[in-house]
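In: Mind looking at a prediction? Sequence and model below.
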Amino acid sequence: MGIVNKVKRALRGEIDARTIALEAWRRSRAARERRSERTSLERLAVSPARLREEFARLSPAELLQHFRDRTTPEFLPGCDALRAHATVSSQRSLFPFETAQLLERAARITDEHCWTVLVYCEKSFGESINWLRDPLSDALWPLDYHADVQLFRTDGSDARVLWEVNRLAHLVTLARAYLVTNDEKYAAEIFKELADWCKQNPLGRGANWACAMEVALRAINLLAVFELVRRSPQLNEETLLPLLQMLDQHGAHIRRNLEFSYISTSNHYLSDVVGLLWLGIMLPELEAAEEWRAFGLRETLREMDKQVLADGADSEASTGYHRLVLELFLYSFILARANQIEIGEKYWEKLRAMLSYVRAYLKPDGRAPLVGDTDSGQVLPLVRRSADEHAYVLAIGAALFKEPRFKLPAHEAAMPEELLWILGEEGVRAFHSLPEETECTASQAFEDAGTYILRDGDLYLLYNASGNGLRGRGSHGHNDALSLEVSACGTSFIIDPGTYVYSANLRERQLFRSVVYHSTVEVDGAEQNTTDQNLPFVIGDEAHPRVLSWETGIERDIIIAEHDGYKRLAEGVTHRRAVRFEKLERWWLVEDTLTGAGEHVFRFRFHFAGELELSIRAQGIVSACDKMTGARLLVAALDLEDAPAFEPRFMSRDYGAKSASVSVCWTVRAVTPCRFRFALVPVCALEDEEERLSLVARLPPTK
């Protein structure tokens with residue numbers, strides 16, 4: 001595809017002529033630089049690390065001694081080599097069970113080359129690890145020039161899975177185990193695998209160099225490993241120089257291949273510049289470090305200005321990527337503070353706002369709704385977390401800002417290991433000194449994000465009025481305008497389905513982001529925003545959700561919004577959805593109004609979690625029951641006589657994993673304008689269903 005066509009494909013949302021011209025110029029320049037890089041790769045691959053003059057003069061033995069003895073720069077407080085003894089002592093005393101698990105995982109990696117990739121079961125990589133083999137499909141990735149690698153293939157392979165293996169996060173596990181046990185076998189395995197990785201992945205060749213974001217995330221993990229094992233005898237003259245070369249190559253490759261665009265930047269470019277910032281801070285011995293550090297810091301803060309909305313939400317319309325972006329900023333700010341690098345107060349306040357957004361959207365069980373895409377990605381995954389686990393980041397924020405609101409009640413989340421390894425003993429003490437916050441019961445509106453949380457006690461409804469992300473140019477948004485997520489009585493009932501996979505299965509990718517997989521209204525079988533199965537990271541910008549009214553009070557909340565995603569139909573339709581939350585009576589009324597012209601087929605769906613038992617009571621009322629707790633959610637269609645259909649669906653709580661679920665769908669052929677109402681009535685274990693339904697019976701019929 002030519003440069004002009006690529007630019008045209010990217011033109012979603014509002015873009016001025018100057019931006020279009022700048023982007024065309026940038027892409028032309030990037031093409032020239034790629035041609036230059038292609039001809040230079042062999043020379044760059046064998047060049048030693050480019051050290052500053054005073055370090056280049058040192059003998060290998062002197063350089064090794066320097067790295068073993070240096071006291072600056074400082075790493076994240078809990079991982080810093082100078083504080084290792086305190087971290088290890090606290091790890092063993094505070095997390096005895098988790099420590100045993102850590103050592104068990106490290107032994108499996110070392111002895112058998114077995115570890116868990118994302119949420120897939122433990123994978124065995126054999127005696128000799130092939131770093132270019134997809135562990136799921138067994139397909140091999142070629143060693144083509146990185147810009148020539150085709151990331152979307154038809155053999156079932158998934159670049160995301162290959163990249164997860166090659167982020168080398170399992171080496172962080174080995175490094176932590178080494179620190180806890182002082183067993184040299186773990187350090188020896190680290191350097192053995194690194195040498196093997198470099199042989200199989202020559203600079204700039206293959207899928208593992210095809211995305212600068214992946215190179216940056218790998219570099220962050222390698223810096224953590226370097227810090228944790230730098231006093232091991234396994235770090236010697238023979239292993240130090242290749243490691244420095246590897247890290248220098250990573251930084252230079254990121255700098256040559258930044259994922260910047262004048263049209264839009266996302267978590268990819270942010271990861272690139274954060275990787276450069278970390279390399280620049282932690283390796284001042286490198287010739288390019290000062291430039292990387294200055295550029296990385298400047299661009300990281302610029303991206304915070306661009307990518308974080310005024311209300312604290314990441315701009316990609318995705319809670320999963322909010323977590324990733326929050327980690328990038330949070331850990332980077334902590335690293336900068338440890339090294340006396342000044343960051344303006346307004347950026348710290350934005351970071352606090354990002355944490356406040358997490359606190360607001362967490363459900364009563366402490367889990368996150370998976371709105372938009374999630375690939376289960378983490379920055380420096382000291383502990384592997386599922387995609388809907390966001391509370392550990394909140395705990396770090398609680399200690400960092402000394403903010404009780406971010407400390408969840410003990411029944412929702414215990415103190416996480418990450419708190420110790422990121423902030424050290426001081427962070428643990430700060431966390432323990434905070435009073436335990438009471439339940440988060442206040443309804444909240446995030447107008448910039450388009451996220452509205454209607455909650456009271458154990459009742460929670462998320463109303464999604466967000467666009468497709470990145471101001472109309474999103475790639476991680478779904479067709480989920482005006483969709484709902486509902487929890488009550490300790491159970492998640494109505495859910496967002498998640499993501500499942502990206503390139504491994506384009507049909508499944510299309511389904512999980514489609515309107516038919518979300519709890520909203522479908523009109524005439526159309527999508528709210530245009531999508532193409534063969535373009536898995538492109539979504540149109542037709543819906544433009546907008547909030548018309550938001551009221552919150554002691555007795556009730558009311559949210560009304562609409563979108564124009566169906567106005568492009570031959571006889572256009574506008575969907576307006578109002579939700580009224582009666583807090584004292586503990587139920588929600590959902591009212592869908594369809595305006596436009598002509599007759600249409602409307603499908604009203606509610607996507608239920610897969611663990612529930614669904615049935616239809618009298619009057620076509622749907623009952624979703626949690627068999628473990630006895631809690632139920634009743635959904636009554638107040639203006640429809642026909643019973644709904646149960647549609648088989650899937651839900652995905654983590655990238656690459658899916659399980660069966662069910663969507664309840666009422667299909668109606670009607671002439672616009674028309675209005676349909678649904679009552680959502682939670683029934684806790686000891687409550688009487690008939691008494692709860694009597695609330696609905698008092699409602700007047702629709703006009």
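Out: Yep, it's here. Numbering: from 1, shown residues only.

In: now what about stretch 333-342, what contacts it?
Out: For stretch 333-342, the surrounding residues in contact (Cβ atoms under 8 Å, 6 or more residues apart in numbering) are 72-77, 80, 277-278, 281, 297, 343, 347-348, 351, 400, 422-423. For glycine as for every other residue, the C-beta is placed from the backbone atoms N, C-alpha and C.

In: Tell me the helix or strand right after the strand or helix carrying A224.
Out: If you go by DSSP states H and E, A224 is part of helix 212-229. Downstream of helix 212-229, the first helix or strand assigned by DSSP H and E is helix 237-256.

In: Report the buried residues of that next one.
Out: Neighbour counts using 16 or more other Cβ atoms under 10 Å place 239-241, 243-256 of helix 237-256 among the buried residues.

In: Which neighbouring elements make contact with it?
Out: In this structure, helix 237-256 packs against helix 17-46, helix 60-69, helix 184-200, helix 212-229, helix 267-282, helix 289-307, with contacts taken as 3 or more Cβ pairs under 8 Å, 6 or more residues apart in numbering; DSSP states H and E.

In: export those to TSV and tack on distance to G474?
Out: Shown next, in TSV, are the helices and strands packed on helix 237-256 (distance: least, Cβ to Cβ, whole Å):
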stretch	distance to G474
helix 17-46	17
helix 60-69	43
helix 184-200	34
helix 212-229	17
helix 267-282	11
helix 289-307	12
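
In: do you know which of these lies nearest D388?
Out: Judged by Cβ to Cβ, the one of the helices and strands packed on helix 237-256 that comes nearest to D388 is helix 267-282, at 18.0 Å.

In: quick one, that closest one and helix 289-307 angle?
Out: 150 degrees (axes from the mean of the first three to the mean of the last three Cα atoms, to 10 degrees).

In: what about helix 267-282, distance to the chain center?
Out: Distance of helix 267-282 from the chain centroid (Cα atoms, centre = their mean, to the nearest Å) equals 17 Å.

In: repeat for stretch 284-301
Out: The answer for stretch 284-301 is 26 Å, by Cα atoms, centre = their mean.

In: What lies in contact with it?
Out: The contact list for stretch 284-301 (Cβ under 8 Å, 6+ apart) reads 49-52, 55, 66, 73, 244, 247-248, 251-252, 255, 269-270, 273-281, 283, 328-329, 332, 336, 341, 343-344, 347.

In: And stretch 677-688, by the same measure?
Out: With contacts defined as Cβ under 8 Å, 6+ apart, stretch 677-688 is touched by 459, 461, 486, 488-489, 493-494, 586-592, 604, 606, 629-639, 689, 692-693, 695-696, 699, 702.

In: Do a quick rundown of the helices in the stretch 1-150 of the chain.
Out: Along the stretch 1-150 of the chain, counting by DSSP state H, counting those that start in this stretch, helices occupy 3-10, 17-46, 53-56, 60-69, 84-94, 96-112.

In: Out of these, which is closest to E437?
Out: helix 84-94 (20.6 Å).

In: Show the average pLDDT along the closest one.
Out: The average pLDDT for helix 84-94 rounds to 94.

In: Buried by neighbour count: which residues of it qualify?
Out: Using 16+ other Cβ under 10 Å as the test for burial, helix 84-94 gives A84, A86, T87, V88, S90, Q91.

In: Return the member of the residues you listed nearest to N201.
Out: Using Cβ to Cβ, those come closest to N201 at A84, 29.8 Å.

In: what residues are up against the closest one?
Out: With contact set as Cβ under 8 Å, 6+ apart, A84 has these partners: L179, L228.

In: any idea which helix or strand comes after the lengthiest strand in the chain?
Out: Secondary structure of the chain per DSSP state E: the longest strand is strand 659-671. Next in sequence after strand 659-671, counting helices and strands by DSSP H and E, comes strand 674-683.

In: In the protein, where is pLDDT below threshold?
Out: 1-14, 411-412, 438-439, 698, 700-703 (pLDDT under 70).

In: any idea of the angle the longest strand of the chain forms with strand 674-683?
Out: Angle of strand 659-671 versus strand 674-683, following the same axes, to 10 degrees, is 150 degrees.

In: Partner strands of strand 659-671, with direction?
Out: With DSSP bridges as the test, strand 659-671 is paired with strand 599-608 (antiparallel), strand 645-651 (antiparallel).

In: which residues are in contact with the last one?
Out: Under the contact criterion Cβ under 8 Å, 6+ apart, strand 645-651 has outside partners 495, 497-498, 500, 511-512, 516-517, 605, 607, 609-610, 614, 658-667.

In: what do you get if the cut-off is 10 Å, keeping everything else the same?
Out: Defining contact as Cβ atoms under 10 Å, 6 or more residues apart in numbering, one finds that strand 645-651 is touched by 370, 495-498, 500, 508, 511-512, 516-517, 603, 605, 607-611, 614-616, 622, 657-667.

In: related to what we said a few turns ago, now distance to L434 too, for the buried residues of helix 84-94, in JSON lines please.
Out: Putting these into JSON lines (distance: Cβ to Cβ, whole Å) gives the following:
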{"residue": "A84", "distance to L434": "26"}
{"residue": "A86", "distance to L434": "20"}
{"residue": "T87", "distance to L434": "21"}
{"residue": "V88", "distance to L434": "25"}
{"residue": "S90", "distance to L434": "17"}
{"residue": "Q91", "distance to L434": "21"}
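
In: list the buried ones in the helix or strand where R429 lies?
Out: Using DSSP H and E, R429 sits in helix 417-433. Residues 417-425, 427-428, 430-431 are the ones in helix 417-433 that count as buried (16+ other Cβ under 10 Å).

In: buried subset of the contacts of stretch 333-342?
Out: The neighbour count (16+ other Cβ under 10 Å) marks 73-77, 80, 277-278, 281, 297, 343, 347, 351, 400, 422-423 as buried among those.

In: if we can go back for a sec, relative to S261, which of the helices of the stretch 1-150 of the chain is closest?
Out: Closest to S261 of the helices of the stretch 1-150 of the chain is helix 17-46 (Cβ to Cβ; 6.2 Å).

In: same for that closest one, what does it pack against?
Out: Other elements packing on helix 17-46 under the criterion 3 or more Cβ pairs under 10 Å, 6 or more residues apart in numbering; DSSP states H and E are helix 3-10, helix 237-256.

In: Adding distance to D111, write those helices out as a markdown table.
Out: Shown next, in a markdown table, are the helices and strands packed on helix 17-46 (distance: least, Cβ to Cβ, whole Å):
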| stretch | distance to D111 |
| --- | --- |
| helix 3-10 | 48 |
| helix 237-256 | 21 |
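
In: mind checking which of those helices is nearest E98?
Out: Nearest of the helices and strands packed on helix 17-46 (Cβ to Cβ): helix 237-256, 28.3 Å.

In: Doesn't V579 belong to a strand?
Out: Yes. Counting by DSSP: H, G, I helix; E, B strand; the rest coil, V579 is part of a strand.

In: mind checking which of the helices of the stretch 1-150 of the chain is nearest Y186?
Out: Among the helices of the stretch 1-150 of the chain, the nearest to Y186 by Cβ to Cβ is helix 96-112 (5.8 Å).

In: Dump that closest one to CSV, restricted to CA.
Out: Extracted in CSV, the C-alpha atoms of helix 96-112 (Å, rounded to 0.1, in the frame of the first residue of the first chain):
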residue,chain,number,x,y,z
PRO,A,96,5.5,-16.7,52.2
PHE,A,97,3.0,-18.5,49.9
GLU,A,98,3.8,-16.3,46.9
THR,A,99,7.6,-16.8,47.6
ALA,A,100,7.1,-20.5,47.4
GLN,A,101,5.3,-20.1,44.1
LEU,A,102,8.0,-17.8,42.7
LEU,A,103,10.7,-20.3,43.4
GLU,A,104,8.6,-23.1,42.0
ARG,A,105,8.1,-21.1,38.7
ALA,A,106,11.8,-20.2,38.6
ALA,A,107,12.8,-23.9,39.0
ARG,A,108,10.5,-24.9,36.2
ILE,A,109,12.0,-22.2,33.9
THR,A,110,15.6,-23.2,34.8
ASP,A,111,15.3,-27.0,34.8
GLU,A,112,12.7,-27.6,32.1
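
In: ok and it relative to helix 184-200, angle-wise?
Out: Using the same axes, to 10 degrees: helix 96-112 against helix 184-200 is 50 degrees.
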